[in-house]
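Peer 1: Provided below are the primary sequence and the corresponding predicted coordinates.
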Amino acid sequence: MTQETTTAAWNDIFGAVEALYDLGWTDGLPVLPPTADKVAEFLAAGGRQGSEIVGELPERRREITAEKVAANAVMAGCRPEYMPVVLAAAEAMLAPSFNLVGPSSSMGGAAVLAIINGPIVQELGINSRNNLFGPGNRANSTIGRAVRLILMNACAAIPGLYDRSVIGHPGKFSYCIAEAETETHWTPLHVERGFAADQSAVTVFASEAPRQVRSVGHPEAILYAIADVASSLGTSLSTSGSVGDPAAGIRQGETVVTIAGNSGLWKDWTKAGVKEFLHSRIQRSVADFKRARVFPGDLEPGDEERMVPLTASPEDILVVFAGGEESNMSSVIPSWGPKVGSTSVTKEVRR
Amino acid sequence: MHDGIHVEKAGLPSATICTDRFIPTARGMAKMWGAADYPTIFTEHPIENLDRWQLRERAEGLATEVVTILTGS
C-alpha cells in the first residue's frame, strides 16, 4: 500500500529540524525540511511524477513512490541533479533479486553499498579517489544518506523494530562510491554487467563494512593479501546457515574488492584475470571450518588440505578500481549473505 | 510471522514460534498485516546455538501450545 503523506509546519529552520526529529524521520543527524516546493523541484529533476511507483516492498506492504524518494533525497541534503542517481539506487534495491526485506531486517547488519559508474560520475563530481569511503564529498555523502533515509522512512527499516542489526556498521549512515573508470584500462563495472560505456548506472550491494587491505606495490602481492583477508573466518560468506548451495556447506555469496593506487601498476592485468586469481585463492580449509564449528564433526585426515571456495564463481567477485592514488590500499567487502538471499543489482541512471 | 499470517489468511491453521528478543518486531509485523491478535508463541532467545537434541527438547516443551493454537482448543 502507498503510505499517506504527512504534513507539518514550522516557523524557522531550527524549528523544522526539531520537528523532523519529533516525526522520527532522521538517521540521528539533522535533516533538511522536505518542503513541497523542494520535493517538486527534485521530482522535476528526476523526470518523474510524484505518484509513480519506483518499487515495492510487499513483505512490509509498501509501495515506494517517486515522491517518497524525492522527500528523502531533500532531507539527506542532495542537490536536485542527484535525483536520477537516487532513483536508480532505489529501483535497484527494490528489484526482486535484491530481496530488500532480508538485508534490511537481518541481524547480520548489512548496509546498501551504491557503486556509481558512467559519465554521471564526472558530471556530478562523485568521488572515486582519496577518502573513498570517507567524508568530504557532498554527492557521495548525500546520495548514500538518501538511500539510508529511504530505507528507514519509506521501507520501514527502523532500527530496533524491523532492522534488527546486532552491531550495524558506519556504512549504514552513507555508503556510496564511484569507480575511477576514466583512470584505468579495466572494463567498468557497469559495462561488465551489460551496460554501454556511455550509460550511467548504479550497482547496489547488500554488504558488510569494508576491510582495508594494506600491501606492497606489486600486483600479485596485493592480490595475495586481498585473497587472505577475503578468506577470513567470521564473514557472512564463511558461515553456515541459510546456505545457497547445500553441497558447499557455507553461504558463499559475492565480494566487492576495491583496488586503489596507480592504474599503471596493473597494465599487464585485466579485471577478468584479477577475478580468476582471487577466486582460486579465496577459500578456507575444512579443518578451519571444523575448528570454528562452522562444519560439524571432529578433524579427519585430509581436512587441512581440503579447501572450500567462499565464492561460487569468479563473476561473484566485483572488482572496482577506486581509492586514492597515493598508495596500494585495497578493500574487501563481503556480501550480507548468499546470492539466494540477496544478489547485487545494477540499474541504469535514466535521464 | 509473515508466512504464518499469510498461511492463516489462506485458511490453513498456523502456529508461529518466535524467540523472545523479537517480540516488538513480531507484534509490529502482525499489526502491519491487520492481524494484531495473531497468536504467536514466544520462546527464550537464542535457539541458533542449540544442537538438534536441545532443539527437539525445546520443541517438545512448546508442542502443547502449538496444538492449542492449531485446533483452537
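Peer 2: Everything's here; your move.

Peer 1: What count of nearby residues applies to the closest residue to residue B:65 other than its chain neighbours?
Peer 2: The shortest distance from residue B:65 to any non-neighbouring residue, by Cβ to Cβ, 6 or more residues apart in numbering or on different chains, is to residue B:41 (5.1 Å). The way it works is simple: take the backbone N, C-alpha and C, and place the C-beta from them, glycine included. For residue B:41, the neighbour count with other Cβ atoms under 10 Å in any protein chain shown is 13.

Peer 1: Please enumerate the helices of chain B.
Peer 2: Counting by DSSP state H, the segments of chain B that form helices are B:2-9, B:23-32, B:52-71.

Peer 1: quick one: contacts for the closest residue to residue A:216 other than its chain neighbours?
Peer 2: Excluding its sequence neighbours, the residue lying closest to residue A:216 (Cβ to Cβ, 6+ apart) is residue A:328, at 7.0 Å. Counting by Cβ atoms under 8 Å, 6 or more residues apart in numbering or on different chains, residue A:328 makes contact with A:214-217, A:222, A:260-261, A:265.

Peer 1: show me what contacts residue A:163?
Peer 2: Taking Cβ under 8 Å, 6+ apart, we find residue A:163 in contact with A:104-105, A:151-152, A:157.

Peer 1: Return the closest of those residues with respect to chain B.
Peer 2: Nearest to chain B among the contacts of residue A:163 is residue A:105, at 8.0 Å by Cβ to the nearest Cβ.

Peer 1: tell me the SS of that closest one?
Peer 2: In three-state terms, and counting by DSSP: H, G, I helix; E, B strand; the rest coil, residue A:105 is coil.

Peer 1: go on, residue A:273?
Peer 2: In terms of secondary structure, residue A:273 is helix; the call rests on three-state DSSP.

Peer 1: neighbours around it, how many?
Peer 2: So residue A:273, with other Cβ under 10 Å, has 16 neighbours.

Peer 1: quick revisit: can you pick the most crowded of the contacts of residue A:163?
Peer 2: Greatest neighbour count in those, by other Cβ under 10 Å, goes to residue A:104: 28 neighbours.

Peer 1: what's the neighbour count on residue 38?
Peer 2: Chain wasn't specified; assuming chain A. Residue A:38 has 17 neighbours, counted by other Cβ under 10 Å.

Peer 1: other chain: chain B
Peer 2: A count of nearby residues for residue B:38, using other Cβ under 10 Å, gives 20.

Peer 1: Excluding covalently adjacent residues, which one is nearest to it?
Peer 2: Distances taken as Cβ to Cβ, 6+ apart put residue B:30 closest to residue B:38, at 4.4 Å, once the chain neighbours are dropped.

Peer 1: Relative to chain A, how far out is the one you found?
Peer 2: Residue B:30 sits 12 Å away from chain A, going by Cβ to the nearest Cβ, to the nearest Å.

Peer 1: on that earlier part again, quick check: the residue nearest to residue B:65 vs residue A:7, distance?
Peer 2: Distance, residue B:41 to residue A:7, by Cβ to Cβ, to the nearest Å: 41 Å.

Peer 1: go on, residue A:229?
Peer 2: Distance of residue A:229 to residue A:7, computed by Cβ to Cβ: 49 Å.

Peer 1: List the single closest residue to residue 29 in space, sequence neighbours excluded.
Peer 2: With no chain named, the answer covers chain A. Using Cβ to Cβ, 6+ apart and skipping the chain neighbours, the partner closest in space to residue A:29 is residue A:173 (7.5 Å).

Peer 1: wrong one, I was asking about chain B
Peer 2: Nearest residue to residue B:29, sequence neighbours excluded (Cβ to Cβ, 6+ apart): residue B:1, at 4.2 Å.

Peer 1: Also residue A:269?
Peer 2: That would be residue A:219: by Cβ to Cβ, 6+ apart, it lies 5.7 Å from residue A:269.

Peer 1: Angles on the backbone of residue A:55, please.
Peer 2: With angles defined as degrees, to the nearest 10, residue A:55 sits at phi 180, psi 170.

Peer 1: Nearest to residue A:299, out of the helices of chain B?
Peer 2: helix B:52-71 (21.0 Å; Cβ to Cβ).

Peer 1: now for that closest one, which elements pack on it?
Peer 2: Taking 3 or more Cβ pairs under 8 Å, 6 or more residues apart in numbering or on different chains; DSSP states H and E as contact, the helices and strands that helix B:52-71 lies on are strand B:40-43.

Peer 1: The strand it packs on pairs with which strands, parallel or anti?
Peer 2: Applying DSSP bridges, strand B:40-43 is found paired with strand B:16-19 (parallel).

Peer 1: Give me the buried positions along the strand it pairs with.
Peer 2: For strand B:16-19, a neighbour-count test (16 or more other Cβ atoms under 10 Å in any protein chain shown) marks B:16-18 as buried.

Peer 1: now that strand, how far from the chain's geometric center?
Peer 2: 3 Å (Cα atoms, centre = their mean, to the nearest Å).

Peer 1: Does residue A:340 touch residue A:244 like I think?
Peer 2: Yes. Between residue A:340 and residue A:244 there is a contact under Cβ atoms under 8 Å: 4.3 Å.

Peer 1: okay, now residue A:5: neighbour count?
Peer 2: Burial of residue A:5 is recorded as 12 neighbouring residues (other Cβ under 10 Å).

Peer 1: and what of residue A:221?
Peer 2: For residue A:221, the count of nearby residues is 12 (other Cβ under 10 Å).

Peer 1: Skipping adjacent residues, who's closest to it in space?
Peer 2: Spatially, and ignoring its direct neighbours in sequence, residue A:221 is nearest to residue A:215 (5.4 Å; Cβ to Cβ, 6+ apart).

Peer 1: Enumerate the residues of chain A near chain B.
Peer 2: Contact residues (Cβ under 8 Å from any Cβ of the partner chain) of chain A with chain B: A:59-61, A:105, A:156, A:160-162, A:164, A:241.
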